[in-house]
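>>> No letters, just coordinates:
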């Protein structure tokens, strides 16, 4: 919304915050804006680092096991 209002600096600030919390669409929005010539390389790099850190923090052996379990059950249910 802020980007559409030409308030790019505030849009980048919001996107960076949410990207650093692991929200992929914000990371993608920064990438798209950068490709269109808005923002700086530093803003892009900061958001990408924050996103990657958040995604890395969400990884755990328990989460991996749960995902495998959920995917194996969903494929079995679709065969019924």
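Sure, I can see it. Everything numeric in this text was worked out from a predicted model, so none of it was measured.
>>> switch to C-alpha atoms for all contacts and neighbour counts from now on
Will do.
>>> Now the nearest residue to residue 3 once chain neighbours are set aside: which helix or strand?
Leaving aside its sequence neighbours, residue 3 sits nearest to residue 11 (Cα to Cα, 6 or more residues apart in numbering; 5.3 Å). Element membership of residue 11 [criterion: DSSP states H and E] is helix 8-19.
>>> ok so, going back, now for the residue nearest to residue 3, how many residues are close by?
Neighbour count for residue 11, taken as other Cα atoms under 10 Å: 20.
>>> wait, doesn't it sit right on residue 5?
No: counting by Cα atoms under 8 Å, residue 11 does not reach residue 5; the two are 9.3 Å apart.
>>> sorry, back to before: can you give the distance of the helix holding residue 11 from its chain's centre?
Mean C-alpha position of helix 8-19 versus that of the full chain (Cα atoms, centre = their mean, to the nearest Å) differs by 12 Å.
>>> Many thanks, we can stop here.
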